[in-house]
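Undergrad: Predicted structure and sequence below. I'll ask about it afterward.
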Amino acid sequence: MLAGMLFVLAALQGCFVAQKSLFSAPSAGEKAAARENDNLIFIEMAPVNLTVTASYRPVTKELIGILILPPFIPTKWHDEPDPNLIPDKTAIEVRLDPAGRQISFDPLKSVLRTADGKVLRPAGFIGPTFGSQYISGGLRDPTRSRPRHCSPGDGKIKTSEGQISLDEISCFYLIFDRSPYPDMDFNLSLEGIADAGKPVSTPIIYFNKASAWMFGIFP
């Protein structure tokens, strides 16, 4: 009987990982038809639908252990991100769905305003790219084991382009010349969107520092 119980426990046990991560949580004004989910916001508008994500998401706390049988072993437990992994640029993913209309976008007209009053235009951008990307960090990183709306394509950063016509769902990475940490509060205006040549007014997107736990179970 003991052997049978041990066999059942061995068959059921697995590896459990819990991680706490920081991110810039987006929100829009009360009049905007927006759905917020973690570090992503989806905004429905008449001429174009937008999905915007602040990419930087460092892990600050981690627990790993074996299910059924103890112990849980803390492998990372810091309130601050690893300084060696903090990028020197802020990258924001913007996904535009033209929904059959004559939509164009100039990424370099976007404006980022920091909490201390600085106003920044993109230093460059990646895109347009097409399709989503699935990133799996494996056992030790459940926060990254999920689809991302934007593929980085070839990753080539452009510094000039003008209005880019969009015939299908397209993604851009806006690159701003600032570190995304410790100041994770900012707002973003997408001022370069046009419909048949006419500027499209979009709501300001506000980002504020937030955190969340994510969990993963592995055999």
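TA: Okay, I see it.

Undergrad: low-scoring stretches of the chain, by residue?
TA: 1-14, 30-32, 66-74, 132-149, 217-219 (pLDDT under 70).

Undergrad: This structure: helices as residue ranges?
TA: 2-12 (DSSP state H).

Undergrad: Just give me the neighbour total for Ala194.
TA: 18 (other CB atoms under 10 Å). (Each C-beta comes from the backbone N, C-alpha and C, glycine too.)

Undergrad: Verify the contact between it and Ile103 for me.
TA: Yes: using CB atoms under 8 Å, Ala194 is in contact with Ile103, at 7.2 Å.

Undergrad: Mutual contacts of the two, please.
TA: Contact criterion CB atoms under 8 Å, 6 or more residues apart in numbering; residues bridging Ala194 and Ile103 by contacting each: Val200.

Undergrad: Does Ile64 touch Gln19 like I think?
TA: No: judged on CB under 8 Å, Ile64 makes no contact with Gln19 at a distance of 9.2 Å.

Undergrad: more neighbours, these two?
TA: Gln19 (23 against 18).

Undergrad: Name whatever forms a beta bridge with the residue nearest to Leu120 when sequence neighbours are not counted.
TA: Leaving aside its sequence neighbours, Leu120 sits nearest to Leu112 (CB to CB, 6 or more residues apart in numbering; 4.6 Å). Note on Leu112: beta-bridge partners by DSSP bridges are Leu120, Leu188.

Undergrad: Pro180 versus Leu112, what's the distance?
TA: Leu112 is 11 Å from Pro180, where distance means CB to CB, to the nearest Å.

Undergrad: Any chance you could list residues touching both of those two?
TA: Thr90.

Undergrad: Compare neighbour counts for those two and give me the winner.
TA: Pro180 (25 against 21).

Undergrad: List phi and psi for Met184.
TA: Phi and psi for Met184, reported as degrees, to the nearest 10, are phi -100, psi 10.

Undergrad: There's contact between it and Leu22 in this structure, I believe.
TA: Yes: Met184 is in contact with Leu22 according to CB under 8 Å; the separation is 6.8 Å.

Undergrad: Now the common contact residues for these two.
TA: Going by CB under 8 Å, 6+ apart, residues that sit against Met184 and also against Leu22 are Lys209.

Undergrad: And these two? Which one has more around it.
TA: Legend: neighbour count by other CB under 10 Å for Met184 and Leu22, higher for Leu22 (23 against 20).

Undergrad: Could you report the distance from the closest residue to Ile41 other than its chain neighbours to Asp154?
TA: Nearest non-adjacent residue to Ile41, counting by CB to CB, 6+ apart: Pro26, 3.8 Å away. Between Pro26 and Asp154 the computed distance is 27 Å (CB to CB).

Undergrad: ok, now Phe176?
TA: 20 Å.

Undergrad: Look at the two and report which has more neighbours.
TA: Phe176 (22 against 7).

Undergrad: Leaving out sequence neighbours, find the closest residue to that one.
TA: Thr90 (4.3 Å).

Undergrad: Verify the stated contact: the one you found with Tyr181.
TA: No: counting by CB under 8 Å, Tyr181 is not a contact partner of Thr90; they are 9.3 Å apart.

Undergrad: Please consider this matter closed, and thank you.
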